[in-house]
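J.: what follows is a predicted protein model with its sequence.
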Protein chains: 2
Amino acid sequence: MSGSQQTDVFPSDRPRQPLSIRAWLSVIRTYQTCTRLLTERLRTLDLTVAQHETLANLLIEDGVSQQTLAARLLVTKGNLTGLLNRLAERGLIERRPDPSDGRVNLIVLTAAGRALATEADALQRTYVAEMVSPLDEAQQTDLHTMMKAIEAQLHAMDQ
Amino acid sequence: MSGSQQTDVFPSDRPRQPLSIRAWLSVIRTYQTCTRLLTERLRTLDLTVAQHETLANLLIEDGVSQQTLAARLLVTKGNLTGLLNRLAERGLIERRPDPSDGRVNLIVLTAAGRALATEADALQRTYVAEMVSPLDEAQQTDLHTMMKAIEAQLHAMDQ
DNA sequence: AGCGTTTAGTTTAAAGATGAACTAATTTGG
DNA sequence: CCAAATTAGTTCATCTTTAAACTAAACGCT
């Protein structure tokens, strides 16, 4: 699935569409292309994007409950159970009982998990920096601002 | 999964991170939030996002091969087989043999499929327009330009 | 004509994702 | 103090997705 296939790929931005749709479709396509390429690069570390995101999140702060982690990752708790099972099988994370609440698992990185997460994090930083390099600082700031505005609007729409 | 849960959700944009990472993380989060909300809305039409995207693409032009459709949707052909199976079971699309090439299925919308695709398309336009409304026209144009620049860079990186 | 390659589509195994139903532990109110 | 409600996590059915192996048809070339 490597090798540029922006072949005939059809005119998704035909002028017929309103500006808002064209703008957002470009976000969708770019996001998907970015994810696909990141997937390939993470394969060198034997990690999927979902696994990487989980580890990266734990690298910032571990020792949190599955609920908290699921909220941060924007995934369902059912999904997270399977994700953590696979990471635990590989010895990258551990579930520890919370002494103050018998229902809770506290999720922590193992040493191996922390090492791998650090590698993956470096890979991602390099990748994103390169990908975004055509934009100057002002544009990157604008992009961030605009996305925050849209996200706020989405939360407002989800009354 | 409705109801705003931008609860404690943790400081994903901590100043520690470089600007490029913060900017791109905001794209990821916004994309995911957008998808989640669109999923909810499409449920009123009994469509998943993947199904809607397939139908929307066929609405622009049908009578194309599965390969072509897969390339347009940025999904694998194996994925598309299952997707089309489910849409065909519901009578929304049809596979027609290509008289000029015995290997090819030409995918066409049925009348029901066209009607549903049209409804979903209207829903999506309204949704995206509302979501993007905090941005003025110039910003929407900038967003589109920036995404195209990043996408071009990604294709360059995928030598 | 015929052999080898390419191309179209299906199938499969594994991971990911959701929402709903379920179990177990904790909290809350009376 | 205890029944009811809430919360944490797992399990399940369903759908999405990928990569790889496979079948069948078409093409290319000598």
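T.: That came through fine. Residues are numbered from 1 along each chain as shown, chains lettered A, B, ... in the order given.
J.: tell me which strands the lengthiest strand in chain A pairs with, and in which orientation.
T.: Longest strand in chain A by number of residues, with DSSP state E as the criterion: strand A:101-109. In the sheet containing strand A:101-109, its partner strands are strand A:64-65 (antiparallel), strand A:93-98 (antiparallel), by DSSP bridges.
J.: so where's chain A uncertain?
T.: A:1-15 (pLDDT under 70).
J.: so which residues on it come close to DNA strand C?
T.: A:48-51, A:74-79, A:82-83, A:86, A:101-103 (Cβ under 7 Å from any atom of the strand). Any C-beta I mention is one placed from the backbone N, CA and C, and that applies to glycine too.
J.: sorry, back to before: most tightly surrounded among the strands paired with strand A:101-109?
T.: strand A:64-65 (a mean of 18; mean count of other Cβ atoms under 10 Å in any protein chain shown).
J.: follow-up on the earlier one: which one of the residues of chain A next to DNA strand C is nearest B:Ala156?
T.: Closest to B:Ala156 out of those is A:Val49 (21.0 Å), distances taken as Cβ to Cβ.
J.: quick check: the closest one touching A:Thr35?
T.: Yes - at 6.2 Å, A:Val49 counts as touching A:Thr35 under the criterion of Cβ atoms under 8 Å.
J.: which strand or helix spans whatever residue of chain A ends up closest to DNA strand D?
T.: At 2.7 Å from DNA strand D, A:Gly78 is the closest residue in chain A, using Cβ to the nearest atom of the strand. A:Gly78 belongs to helix A:77-89 when assigned by DSSP states H and E.
J.: and that helix, what's buried?
T.: Neighbour-count burial for helix A:77-89, counted by 16 or more other Cβ atoms under 10 Å in any protein chain shown, picks out A:Leu80, A:Leu83, A:Leu84, A:Leu87.
J.: and the strands paired with strand A:101-109 as CSV, adding distance to DNA strand D?
T.: Formatted as CSV, the strands paired with strand A:101-109 follow (distance: least, Cβ to the nearest atom of the strand, whole Å):
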stretch, distance to DNA strand D
strand A:64-65, 4
strand A:93-98, 6
